[in-house]
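1. Provide a 3D model corresponding to the input given below.
(one chain, ligands or ions: 1)
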Amino acid sequence: MSDSRIIIALDFATSQAAQNLVERLDPARCKLKVGKELFVAAGPDYVASLVDRGYDVFLDLKFHDIPNTVAAACRAAAQLGVWMMNVHALGGRAMLEAAREALENAPSRPKLIAVTLLTSLQDADLAEVGIVGNTQQAVTRLSGLVQDCGLDGVVCSAREVSALRRERGSEFVLVTPGIRPIQAERGDQARIATPREAIQNGSSYLVIGRPITQAADPLAALESVLNEIDSI
Ligand code: C5P
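-> Residues are numbered from 1 along each chain as shown. I've put the predicted structure just below:
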């Protein structure tokens, strides 16, 4: 268990590609995120091997199904020893509560957070799928539901983090992707923030992928982010 607030997104197509980076990293300096691509390619054993190496692992599979199925998936994920996992808030109250209850007796209870709205959705997309209001209103409403159901927090964009910190209080976990150190390429991220801005605005953990994984020197890129936030 590290106290690092940096979660490196292991967005790789194979375990070998991920492992080339992981072997150079130190669990005391960062946490790791395994998403759908690597999970489908490398499987649960690979996730468990990262935990065995001492990493805090965020299993980013965004479960969204009927309550019984999501609860069972959460229980199975907890068996891997992951530090944090997530579900979709749009699965509704019964699903969120079932997910939380499924983890209550896990040996070391993983943190459970929810995705409110995918950041790829815009106001017009919400109307098309029948969600009332704009994205900001929907994120506010859904994060309230998530907190009410006893989950630990939400994934949120850098644009939403200050309002959510005010609305949901100091204990609620806010995990922020879309982080770009000042010198980094933006890639396809539109709503970006620097590591310093995100932490100052109230983010608990920063998810950083390509600015570290694709850097010529990933270790130096990570250390530079750690320095940037240490000096706040
Ligand atoms: O490479 P980059 O830093 O953009 O990676 C960000 C990571 O966070 C990716 O794994 C991406 O799937 C994830 N993510 C995101 N935006 C969200 C939710 C998750 O970029 N709203």
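2. Close to the ligand: what parts of this structure are there?
-> With Cβ under 6 Å from any ligand atom as the criterion, the chain meets the ligand at residues 9, 11, 35, 119, 155, 177-178, 187, 189, 207-211. Placement of C-beta: from N, CA and C, glycine included.
3. Can you tell me which of these is nearest the ligand?
-> Using Cβ to the nearest ligand atom, G209 comes nearest to the ligand of the residues of the chain next to the ligand, at 2.4 Å.
4. which residues are in contact with the strand ranked longest in the chain?
-> Counting residues, the longest strand found in the chain (DSSP state E) is strand 57-63. Strand 57-63 is contacted by residues 7, 9, 31-36, 39, 47, 50-51, 70, 73-74, 77, 80-88, 91, 99, 110, 115, 175, 207 when judged by Cβ atoms under 8 Å, 6 or more residues apart in numbering.
5. Neighbour-wise, give me the winner out of the residues of the chain next to the ligand.
-> Within those, most neighbours by other Cβ atoms under 10 Å means I208, with 26 neighbours.
6. how about the residue nearest to that one when sequence neighbours are not counted, what does it touch?
-> Excluding its sequence neighbours, the residue lying closest to I208 (Cβ to Cβ, 6 or more residues apart in numbering) is I179, at 5.0 Å. I179 makes contact with 158, 192-195, 198, 206-208, 211, according to Cβ under 8 Å, 6+ apart.
7. one more time with 7 Å
-> By Cβ atoms under 7 Å, 6 or more residues apart in numbering, the residues touching I179 are 192-193, 195, 198, 206-208.
8. Residue ranges in this protein under the pLDDT threshold?
-> Scanning the chain for pLDDT under 70 picks out the ranges 1.
9. the longest helix in it is where?
-> helix 36-52 (DSSP state H).
10. tell me the helices in this structure, going along the chain?
-> With DSSP H as the criterion, the chain has helices at 15-22, 36-52, 67-79, 93-103, 123-128, 135-148, 161-168, 195-200, 210-213, 218-230.
11. Tabulate these in a markdown table, adding columns for distance to L59.
-> Below are the helices of the chain laid out as a markdown table (distance: least, Cβ to Cβ, whole Å):
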| stretch | distance to L59 |
| --- | --- |
| helix 15-22 | 14 |
| helix 36-52 | 6 |
| helix 67-79 | 5 |
| helix 93-103 | 12 |
| helix 123-128 | 26 |
| helix 135-148 | 18 |
| helix 161-168 | 22 |
| helix 195-200 | 22 |
| helix 210-213 | 18 |
| helix 218-230 | 21 |
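12. Nearest to S2, out of these?
-> Of all the helices of the chain, it is helix 218-230 that lies closest to S2, at 11.1 Å by Cβ to Cβ.
13. helices or strands next to the closest one in the packing?
-> The contact analysis (3 or more Cβ pairs under 7 Å, 6 or more residues apart in numbering; DSSP states H and E) places helix 218-230 against strand 6-9, helix 195-200, helix 210-213.
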